[in-house]
Every structure is written in C-alpha cells, then in structure tokens.
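In: the following block contains a protein sequence and its predicted model.
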Amino acid sequence: MDMAREPLFFKIPVLSVIIITDNTAEFLVAPKYSHAVYMCEVERHHPEVFQNQNKESFPSLENPLPAVVGVTYELCAGIVDKPGLSLEEIACEEILEECGYRVSTADLRRITSYRSGVGVTGSRQTLFYAEVNDQMRSSGGGGQPEEGELIEVVEIPLGESMKFAYDETFPKTMGVIFSFMWFHNNIAPKLPKK
C-alpha cells in the first residue's frame with residue numbers, strides 16, 4: 001500500500017475514557033449512532049438490498065429499520081485530530097463534550113494503548129481512566145449536535161456492569177467489555193466494601 005496515498009482516517013489515532021462516578025458508583029457510557037452498524041443490520045434484515053446493486057443507484061427500503069438499530073454503547077471517545085493538544089487534553093475535552101464533566105489532565109490515568117478496527121483502519125487507541133463527581137459537572141454533555149452527535153449518557157451500576165458486558169441484547173464495543181474487566185481487576189478490589 002502506498003502510505004503517501006493512504007486515506008486520512010487510517011492515520012488518525014483515537015482515544016477512549018473509562019469514567020466512574022465516585023458518588024454513585026456507576027460507569028458512564030455514551031450510546032452513539034453508527035452508520036456502519038446500521039448498514040450491517042440492514043444487510044442482516046434485508047440482504048436483497050445488497051444483491052445486484054450498482055454504484056450508481058442504491059434501492060430504498062420500503063420498510064426501513066429504525067435508527068436505534070445503529071446505536072451501540074461506547075466509552076466516551078474521540079478522534080485525536082487537534083494538533084498541539086496532548087492525548088490527555090483531548091480526552092478532557094471529550095469528557096466535557098460528551099458527558100458534561102470538567103476533568104483536568106491530572107485527574108486522568110493512562111491505562112494502555114492498543115489497536116482497534118484492525119480489519120479496517122488499524123487505528124491506535126489509547127485508553128484512560130477518570131473518576132468524576134457532582135462538583136465536576138458543568139453541563140449536560142450530549143456531544144456536538146453540529147457534528148451529528150446526539151449522546152445521552154447512560155449510567156451502568158458497578159454491580160451490574162459485568163452482566164451488562166456479556167448481555168448480547170445491548171450492542172457495545174469491545175472497549176466497553178475490556179474496560180469493565182480492567183476496572184474489576186484493578187480498581188474494584190481496592191474499593192471499600194459496603
């Protein structure tokens with residue numbers, strides 16, 4: 001592959017953040033619409049749409065699927081596309097935009113970096129951990145509507161998180177499952193017992 005002609009999205013790393021509320025002991029996840037996930041569901045429910053298609057026309061569905069089939073539970077996350085800002089600074093911006101909490105870079109703990117989307121983009125993803133409380137709340141979050149983001153933050157109680165992680169009726173990214181497991185192996189054992 002000619003790296004000079006490689007599409008830009010192959011070069012942009014991404015980041016995600018495990019966010020825990022210290023006052024309610026819940027994970028914060030950000031359900032987001034993914035057009036790719038939606039189209040996979042269209043193909044699964046209406047395979048005829050993708051048969052004998054050409055690039056000039058794409059048939060419309062008589063009974064389109066609801067947009068909610070394209071929603072997945074994800075960690076607070078973003079693309080690293082702001083030159084001059086550190087990964088930590090971008091993570092703090094994403095937490096504020098998506099979840100409404102003002103977090104400083106000192107409040108973040110870097111967990112690890114790994115490859116995601118290896119069959120498509122091979123992006124490098126960096127995972128952070130942050131604890132938030134009511135005093136850090138500065139807005140409702142929700143993402144940036146002008147960029148097509150309509151995020152309603154969902155709280156997953158810590159005690160129910162592993163059940164949620166393995167419940168296939170809730171579509172989620174591997175990052176959510178990995179993060180919940182990381183938390184239960186590294187942070188939960190140090191928490192005071194109730």
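Out: That came through, no problem. None of these values were measured; they are calculated from a predicted model.
In: and the residue minimising distance to the centre of the chain, how far from Arg110?
Out: Nearest residue to the geometric centre of the chain (CA atoms, centre = their mean): Glu74, 3.2 Å. Distance check for Glu74 against Arg110: by CB to CB, to the nearest Å, it reads 19 Å. For glycine as for every other residue, the C-beta is placed from the backbone atoms N, C-alpha and C.
In: again, but for Val68
Out: 34 Å.
In: ok, residues contacting the helix or strand that contains Phe183?
Out: Using DSSP states H and E, Phe183 sits in helix 174-186. Helix 174-186 has contacts (CB atoms under 8 Å, 6 or more residues apart in numbering) with 16, 18, 20, 27, 29, 73-75, 77, 111, 116, 125, 127, 129, 158, 161-162, 164-166.
In: give me the subset of those lying in strands.
Out: Residues from the contacts of helix 174-186 lying in strands, with DSSP state E as the criterion: 16, 18, 20, 27, 29, 77, 111, 116, 125, 127, 129.
In: from those residues, which shows the smallest pLDDT?
Out: Lowest in pLDDT among the ones in strands among the contacts of helix 174-186 is Ser116, which has 77.
In: and for that residue, nearest residue in space, chain neighbours not counted?
Out: Gln125 (4.4 Å; CB to CB, 6 or more residues apart in numbering).
In: Leu75 and Ala130, how far apart?
Out: The value you get for Leu75 to Ala130, if CB to CB is used, is 11 Å.
In: what sits in contact with each of these two?
Out: Common contact partners of Leu75 and Ala130 (CB under 8 Å, 6+ apart): 17-19.
In: can you read off the backbone torsions of Asn133?
Out: With angles defined as degrees, to the nearest 10, Asn133 sits at phi -140, psi 180.
In: pull the number of nearby residues for it.
Out: 12 (other CB atoms under 10 Å).
In: what residues are up against it?
Out: By CB under 8 Å, 6+ apart, the neighbours of Asn133 are 21-23.
In: just the CA coordinates of the least confident helix or strand in the chain by mean pLDDT, formatted as CSV?
Out: Using mean pLDDT, DSSP states H and E, the weakest-scoring helix or strand in the chain turns out to be strand 14-21, at a mean of 83. Taking Å, rounded to 0.1, in the frame of the first residue of the first chain, the C-alpha atoms of strand 14-21 are listed here in CSV:
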residue,chain,number,x,y,z
VAL,A,14,-8.4,7.6,18.7
LEU,A,15,-8.8,7.7,22.5
SER,A,16,-11.4,6.5,25.0
VAL,A,17,-12.0,7.0,28.6
ILE,A,18,-13.5,4.8,31.4
ILE,A,19,-15.5,7.1,33.5
ILE,A,20,-16.7,6.2,37.0
THR,A,21,-18.9,8.4,39.2
